[in-house]
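Visitor: this is a predicted model, with the sequence first.
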Amino acid sequence: AETFTQAIDEVVERLSAQMESHRDRERHRPVGRPAPVGTWRHGNLSRAAEPYFLRPAEEREIVRHKSFAAEELTIDEAAWDMDALDYDFFLFVELESGQDSLIERTADGSLLVRHLDPETATAAAEVADCEHSAVPAPELAVSEAIVLLNETRDPRVFFRNASTGRGNVVYRRYDGHYGLITPPTDGSEAPT
């Protein structure tokens with residue numbers, strides 16, 4: 001530049017152009033940002049994984065049918081068994097009331113106990129710090145429980161099986177299918 005003022009103006013222009021170019025590159029560079037829905041570019045952050053495979057509803061089926069132990073347990077014993085087996089929930093027969101009950105770990109890590117009929121459940125945990133649900137288990141067929149599971153997007157549904165009168169749990173498996181837990185039977189009853 002011919003003068004000192006012109007030199008400063010040119011430096012300011014060049015620096016402004018470089019800064020604008022840098023801002024433009026940052027706007028279009030995906031590194032460290034989540035990808036817009038339906039797209040992905042190298043360098044995008046990965047999306048949070050679903051806790052289970054999002055299998056289309058028409059492909060889902062009950063692929064796991066288990067029975068829980070017939071032995072009656074206290075709430076503390078059920079909580080201990082659930083933790084020892086590293087389960088998120090545990091279906092059991094509560095010792096004092098004799099009814100099918102579910103103990104589960106909620107999203108905040110606390111324990112919640114559900115009974116088929118909360119009004120007749122009198123047991124309280126002595127060691128495990130847990131809440132008791134006052135909502136009775138709905139009476140449903142297994143197919144209705146699956147519909148409810150899909151509508152609510154909850155990880156599991158505890159219900160009174162309409163055909164057996166016993167407590168059952170239908171839950172989402174990691175592979176997108178369903179699991180069903182029922183009381184032990186003599187083999188003559190099949191899930192409906």
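Guide: All right, it came through fine.

Visitor: which parts of this protein are strands?
Guide: Assigned by DSSP state E, the strands in the chain fall at 62-67, 72-73, 89-94, 100-105, 111-115, 130-132, 139-140, 156-161, 167-172, 178-182.

Visitor: for the last one, which strands pair with it and how are they oriented?
Guide: It stands for strand 178-182. Strand pairing for strand 178-182, using DSSP bridges, gives strand 62-67 (parallel), strand 167-172 (antiparallel).

Visitor: one step back: can I get the strands of the chain in TSV including mean neighbour count and distance to Met82?
Guide: In this view, the C-beta of every residue, glycine as well, is placed from N, C-alpha and C. As requested, the strands of the chain are exported to TSV (neighbours: other C-beta atoms under 10 Å; distance: least, C-beta to C-beta, whole Å):
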stretch	mean neighbour count	distance to Met82
strand 62-67	12	14
strand 72-73	17	10
strand 89-94	23	4
strand 100-105	24	6
strand 111-115	21	8
strand 130-132	16	11
strand 139-140	15	23
strand 156-161	23	13
strand 167-172	23	13
strand 178-182	20	13
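
Visitor: could these be laid out in TSV, adding mean pLDDT and distance to Gln6?
Guide: Shown next, in TSV, are these (pLDDT from 0 to 100; distance: least, C-beta to C-beta, whole Å):
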stretch	mean pLDDT	distance to Gln6
strand 62-67	78	77
strand 72-73	88	88
strand 89-94	90	76
strand 100-105	91	71
strand 111-115	90	75
strand 130-132	85	76
strand 139-140	94	83
strand 156-161	93	74
strand 167-172	91	70
strand 178-182	90	76
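
Visitor: any idea which of those strands gets closest to Ala17?
Guide: Ala17 lies closest to strand 167-172 among the strands of the chain, at 54.4 Å (C-beta to C-beta).

Visitor: which residues touch the closest one?
Guide: With contact meaning C-beta atoms under 8 Å, 6 or more residues apart in numbering, strand 167-172 is reached by 51-52, 62, 89, 91, 99-102, 116, 137, 142, 145-146, 149, 155-161, 178-183.
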